[in-house]
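Asks: Requesting a structural model of the entry that follows:
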Amino acid sequence: MKYKEYLQTEKWQFTRGLILNFWNHRCAICNSNEQVQVHHRTYERLGHELTTDCIVLCDRCHKLHHNFTGNFITSVLEGINGEQVLD
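Replies: Residues are numbered from 1 along each chain as shown. Have a look, this model is predicted:
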């Protein structure tokens, strides 16, 4: 099954709902609750995702992540000086 097809399945919709609830329907970066999306951090367990395999991002932060050289999410969560900002 192709990735885009998987995103249309009931299984993904259920998993997506669990992940949105886990993150309180808020962006993990800026805490916005507008235009949030579930982003896969890994495709290792696609179809059998753990809540930690995905992260909730608002549209703005999701676009920043995909346009950023390197890993935007990791950079923000680790902080500018390498200090961990979030657990």
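Asks: Show me the shaky parts of this structure.
Replies: 68-87 (pLDDT under 70).
Asks: what about 80?
Replies: 65-87 (pLDDT under 80).
Asks: Helices of that one, start to end?
Replies: 3-6, 10-22, 59-67, 72-78 (DSSP state H).
Asks: can you put the ones you listed in TSV and add mean neighbour count and distance to Gly47?
Replies: To be clear about C-beta, it is placed using only N, CA and C from the backbone, and glycine gets the same treatment. Formatted as TSV, these follow (neighbours: other Cβ atoms under 10 Å; distance: least, Cβ to Cβ, whole Å):
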stretch	mean neighbour count	distance to Gly47
helix 3-6	10	7
helix 10-22	14	7
helix 59-67	15	21
helix 72-78	15	22
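Asks: Those: which one's closest to Tyr43?
Replies: Taking Cβ to Cβ, helix 3-6 is the member of the helices of the chain nearest to Tyr43, at 7.9 Å.
Asks: Go ahead and name everything in contact with the closest one.
Replies: With Cβ atoms under 8 Å, 6 or more residues apart in numbering as the test, helix 3-6 has contacts from Trp12, Tyr43, Leu46, Gly47.
Asks: now the third one, nearest residue through space, not along the chain?
Replies: Right, the one you point to is Leu46. Tyr6 (6.9 Å; Cβ to Cβ, 6 or more residues apart in numbering).
Asks: what about the one you found, distance to Gln35?
Replies: Distance of Tyr6 to Gln35, given as Cβ to Cβ, to the nearest Å: 22 Å.
Asks: For the residue lying closest to Val56 once chain neighbours are set aside, list the residues it contacts.
Replies: Distance criterion Cβ to Cβ, 6+ apart; nearest residue to Val56, sequence neighbours excluded, is Trp23 at 3.8 Å. Counting by Cβ under 8 Å, 6+ apart, Trp23 touches Val36, Ile55, Val56.
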